[in-house]
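Engineer: Structure for this input, please:
(one chain, ligands or ions: 5)
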Amino acid sequence: MTLHAIAARPAAVVLVTAFAIFAGTGALTVFVAQGPDAAEAELAPETSGAAADGGALLDPAAQPIAFSHAHHVTEIGIDCQFCHAYARRGPVAGIPSVQRCAGCHRVVLSEQPEILKVLEYWEDEEPIPWVRVHDLPDHVRFTHKAHLRAGVACGTCHGDVAQMEAAVQVESLSMGWCVSCHEDRGATRDCLACHY
Ligand code: HEC
Ligand code: HEC
Ligand code: HEC
Ligand code: HEC
Ligand code: HEC
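Structural biologist: Ligands and ions are numbered 1, 2, ... in the order given. You can find the predicted model right below:
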């Protein structure tokens, strides 16, 4: 996220976001995944390359909008891949663009304060600055596609997101975690499969 984009944020959001970045582990980055129009803009979030050793410590209140997975997945019944549409096709799962939210929220609950924030980003054609939770180091190669194709469920690696408010990291994402599942499932243990 650029300084310009930060400057364009309402002050309260800047404070919350800045807190999330500079407090805690210093390992958090801000998503710049969504753009105003192209679906492609939902693709890869920038990564800092810093290890996400503190994902589980992220305070959900650090997110710019109080988005609830539990409401959207469990109560409304929206599929994970409606919002994280790239998981099947490539390395990243992606974070939904503000257009995808506005598609419903122009009409649903459009008077609620948290929804008004969504609509404000949408009208300004600004991406919502979600704080990144999972973040493997740069030297690690990971792809969602191979795992989905092999039938590994989202919840095996991300826990019961359907019961969460903001997403939190529940697994260590350590090398031992990756390798022991690869051992169990007969997947590759070649160093270069997982490292650049
Ligand atoms: C398919 C339609 C749909 C989409 C897409 C959608 N929402 Fe919602 N959202 C709803 C409905 C319906 C509710 C009311 C949930 C309830 O109260 O049970 C809701 C509620 C909310 C609320 C109020 C708090 C809560 O959870 O009840 C927020 C904030 C919110 N949505 C944010 C978002 C954001 C951000 C996105 C995009 C990432 C998004 N929504 C995408 C339908 C949608
Ligand atoms: C084999 C374990 C595994 C499975 C299965 C898995 N993920 Fe992930 N996911 C990860 C890891 C590891 C990362 C961190 C990647 C990084 O930092 O480069 C991640 C990152 C993400 C992110 C952050 C944005 C991104 O794309 O990097 C989202 C969103 C996500 N996963 C959603 C999902 C959804 C939805 C599913 C099921 C359709 C799923 N994941 C299945 C391990 C998994
Ligand atoms: C209505 C859209 C929507 C649906 C449906 C949805 N998500 Fe998300 N997801 C988001 C948004 C917005 C974020 C960013 C805020 C956050 O981290 O909670 C997110 C974040 C995540 C992350 C953390 C990404 C990171 O920063 O590392 C994971 C993992 C994830 N979702 C998994 C899932 C899984 C698994 C499901 C299905 C059980 C699911 N999501 C369903 C919108 C959605
Ligand atoms: C829950 C089990 C599980 C976990 C955890 C897991 N993997 Fe995998 N992984 C698999 C399976 C199963 C495959 C598919 C093997 C196949 O298609 O033959 C796979 C495939 C892959 C591939 C593609 C290999 C190829 O041959 O192209 C990469 C890269 C990979 N995993 C990296 C990782 C990394 C990095 C982590 C940890 C961050 C991880 N995996 C965690 C089960 C897992
Ligand atoms: C299935 C995926 C996978 C395989 C196979 C794998 N690694 Fe890793 N490796 C990882 C992940 C994920 C990390 C990052 C762990 C973290 O950040 O805590 C890592 C970290 C590392 C590190 C850095 C350790 C550190 O302290 O930061 C080294 C060195 C390394 N791996 C070497 C290897 C070598 C050598 C092999 C082959 C014998 C190998 N890896 C095989 C996933 C894998």
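Engineer: going forward, measure contacts between C-alpha atoms and count neighbours the same way
Structural biologist: OK.
Engineer: Look at stretch 168-184 and report the distance between its end residues.
Structural biologist: 25 Å (C-alpha to C-alpha, to the nearest Å).
Engineer: hmm, it touching ligand 4?
Structural biologist: Yes: applying C-alpha under 6 Å from any ligand atom, one finds stretch 168-184 touching ligand 4 at 173, 177-178, 181-182.
Engineer: from memory residue 157 sits against residue 172, does it?
Structural biologist: No: here residue 157 does not reach residue 172: they are 9.5 Å apart, not a contact under C-alpha atoms under 8 Å.
Engineer: Please, a ChimeraX command that selects the buried ones among the residues of stretch 168-184 next to ligand 4?
Structural biologist: To isolate the buried ones among the residues of stretch 168-184 next to ligand 4 in ChimeraX, judged by 16 or more other C-alpha atoms under 10 Å, type:
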select :173
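Engineer: is it possible to export the residues of stretch 168-184 next to ligand 4 to TSV including pLDDT, distance to residue 143 and secondary structure?
Structural biologist: What follows is the residues of stretch 168-184 next to ligand 4, written out as TSV (pLDDT from 0 to 100; distance: C-alpha to C-alpha, whole Å; DSSP: H, G, I helix; E, B strand; the rest coil):
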residue	pLDDT	distance to residue 143	secondary structure
173	97	13	coil
177	98	15	helix
178	98	12	helix
181	98	15	helix
182	98	14	helix
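Engineer: now, among the residues of stretch 168-184 next to ligand 4, which is nearest to ligand 5?
Structural biologist: Of all the residues of stretch 168-184 next to ligand 4, ligand 5 sits closest to residue 178, with 4.5 Å by C-alpha to the nearest ligand atom.
Engineer: which residues does that closest one contact?
Structural biologist: Not one residue lies near residue 178 by C-alpha atoms under 8 Å, 6 or more residues apart in numbering.
Engineer: ditto for residue 155
Structural biologist: Taking C-alpha under 8 Å, 6+ apart, one finds residue 161 in contact with residue 155.
Engineer: and this protein, which of its residues are near ligand 1?
Structural biologist: Looking at ligand 1, the residues of the chain close enough under C-alpha under 6 Å from any ligand atom are 66-68, 71, 75-76, 96, 98, 100-101, 104, 108, 114-115, 118.
Engineer: burial count for residue 103?
Structural biologist: By the criterion of other C-alpha atoms under 10 Å, residue 103 has 11 neighbours.
Engineer: I'd like the distance between residue 66 and ligand 3.
Structural biologist: For residue 66, the distance to ligand 3 equals 8 Å [C-alpha to the nearest ligand atom, to the nearest Å].
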